[in-house]
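# Sequence plus predicted model, see below.
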Amino acid sequence: MIQLTEHTIETERLLERVRNRAAGAVVLFLGTTREVTAGRQTVSLHYEAYREMAEKHLAELEADARRRWALLECEIIHRLGEVPPAEASVAIAVSSPHRAEAFAAGQWLIDSLKRDVPIWKREQWADGNREWVHPGLAEAPTPSCNVDEAVGEITSER
Amino acid sequence: MKVRVQLFAAAKELLGQDSVTVEVREPATLGDVRVAVEAAAPALARTIAHSLWALGAQYATEETPVTGECEVALIPPVSGG
């Protein structure tokens, strides 16, 4: 099952849902808000999704994982809105008869989610600045930056 | 025809609105929509150069045909997790 939620992810309840008598292994991955990134302090992360597409994509990831590995249960939850330090923004829980499948599926699911699913985070820094995280797209150009400069930057990055 | 393009994250913040509507001549592709959005909102040019497009809530290439009823979205580099 997949879910997007504005609320705290309840990991105990999540683990209850993936427990299974046929399982020999349960793997739980939590992605949590890190307080310090490259020396800068984060107050919180804010997450936004293209809901309809993200839900569709997460359901496809679950279906793919179930095809690739012998999973008994598979749950993916992503939180939206504000997520303070140490709290989970994403939880992936899988159960399988043996641990290798559960570890492999969990790793593949979080890697695929981070690469493809239309969800974005915005850093709220302690110095008061806020910025969206868009890998590969460095700092937004200042308003005075003209189009030619912008095109030049893009060309040089590629 | 008019095509409404949904915006997210930095793209939404740059324009201060969650969508931009552009006029394109039929038959049109996603590439035509991109050109029209770049003309209507030059501030997005740099973001667009790094973004993907979605049609009907799925990633699509610029060759994909677009009709006025299509749900089109600009998908800047994702950072979930």
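Nice, I can see it.

# isn't there a strand covering A:Trp4?
Just to correct that, residue A:4 is Leu rather than Trp. Yes. According to DSSP: H, G, I helix; E, B strand; the rest coil, A:Leu4 belongs to a strand.

# I'd like to know the beta-bridge partner residues of it.
A:His78 (DSSP bridges).

# Am I right that A:Glu60 is in a helix?
Yes. Remark: A:Glu60 belongs to a helix, assigned using three-state DSSP.

# for it, what are its contacts?
For A:Glu60, no contacting residues are found, by Cβ atoms under 8 Å, 6 or more residues apart in numbering or on different chains. For every residue, glycine as well, the C-beta is placed using N, CA and C.

# Quick one: the helices in chain B, in order.
Listed from the start of the chain, chain B has helices (DSSP state H) covering B:9-15, B:30-40, B:45-49.

# Deepest in the core, which of those helices is it.
helix B:9-15 (a mean of 21; mean count of other Cβ atoms under 10 Å in any protein chain shown).

# Using PDB, write out the CA atom coordinates for it.
The C-alpha coordinates for helix B:9-15 follow below in PDB (Å, rounded to 0.1, in the frame of the first residue of the first chain):
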ATOM      1  CA  ALA B   9       8.200  23.900  -6.200                       C
ATOM      2  CA  ALA B  10      10.700  26.500  -7.400                       C
ATOM      3  CA  ALA B  11       8.800  27.000 -10.700                       C
ATOM      4  CA  LYS B  12       5.600  27.800  -8.800                       C
ATOM      5  CA  GLU B  13       7.500  30.100  -6.500                       C
ATOM      6  CA  LEU B  14       9.300  31.900  -9.300                       C
ATOM      7  CA  LEU B  15       5.900  32.900 -10.900                       C
END
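
# re earlier: can you lay out the helices of chain B as CSV showing mean pLDDT?
Putting those into CSV (pLDDT from 0 to 100) gives the following:
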stretch, mean pLDDT
helix B:9-15, 97
helix B:30-40, 97
helix B:45-49, 96
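
# Just tell me which of these ends up closest to A:Pro84.
When these are compared for distance to A:Pro84 using Cβ to Cβ, the nearest one is helix B:9-15, at 19.9 Å.
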